[in-house]
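# Following is a predicted model, sequence given first.
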Amino acid sequence: MAIQSWQSTAASGAKADVYLKEGERMEFGSHFIDVLATPGHTNGCMSDVIKAQGCVFTGDTVLIRGCGRTDFQEGSSESLYENVHSKIFTLPDYFRIYPAHDYKGQLESSVWEEKLYIMKNT
């Protein structure tokens, strides 16, 4: 089987072998990754949820103690806010968050920690 690249939607403008929509599931072996469309940083952002392992890979949608910028590549602060609060922050509090990168060397957080940080600083 050939390895394929995937992207959230063709609307992102990125080239990929497979374009996924929210609610679709990628399967490999005994593992499942559920796709959430989480635009806001860019219009093509997506987050990948692995329920069996209790984690979400958020790309630049949710960073640790922050979110991706919204001032370029069709970003939208309103869309980012809505997607973080209605999709990422509705996952169970114990879910681990793995962002694409962090500027302070932190590798992971949790839904609970990020919600606590947001509540504390708003």
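Cool, the structure landed.
# so for stretch 18-29, what's the average pLDDT?
Averaging pLDDT along stretch 18-29 gives 86.
# nope, stretch 85-100 is what I meant
On average, stretch 85-100 scores 96.
# From the chain's centre, how far out is that stretch? Work that out for me.
Centre-to-centre, stretch 85-100 and its host chain are 8 Å apart (C-alpha atoms, centre = their mean, to the nearest Å).
# What residues sit buried inside it?
Neighbour-count burial for stretch 85-100, counted by 16 or more other C-beta atoms under 10 Å, picks out Lys87, Ile88, Leu91, Phe95, Arg96, Ile97, Tyr98, Pro99. (C-beta placed from N, C-alpha, C; glycine too.)
# what's the span of it from first residue to last?
Terminal residues of stretch 85-100 lie 19 Å apart, using C-alpha to C-alpha, to the nearest Å.
# again, but for stretch 31-45
22 Å.
# List the buried residues for that stretch?
Ile33, Val35, Leu36, Ala37, Thr38, Pro39, Gly40, His41, Thr42, Asn43, Gly44, Cys45.
# thought the fourth one was touching Val49?
Spelled out, that is Ala37. No - using C-beta atoms under 8 Å, Ala37 makes no contact with Val49, being 11.8 Å away.
# before we move on, the earlier item: in CSV: the buried residues of stretch 31-45, plus secondary structure.
Formatted as CSV, the buried residues of stretch 31-45 follow (DSSP: H, G, I helix; E, B strand; the rest coil):
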residue, secondary structure
Ile33, strand
Val35, strand
Leu36, strand
Ala37, strand
Thr38, coil
Pro39, coil
Gly40, coil
His41, coil
Thr42, coil
Asn43, coil
Gly44, coil
Cys45, coil
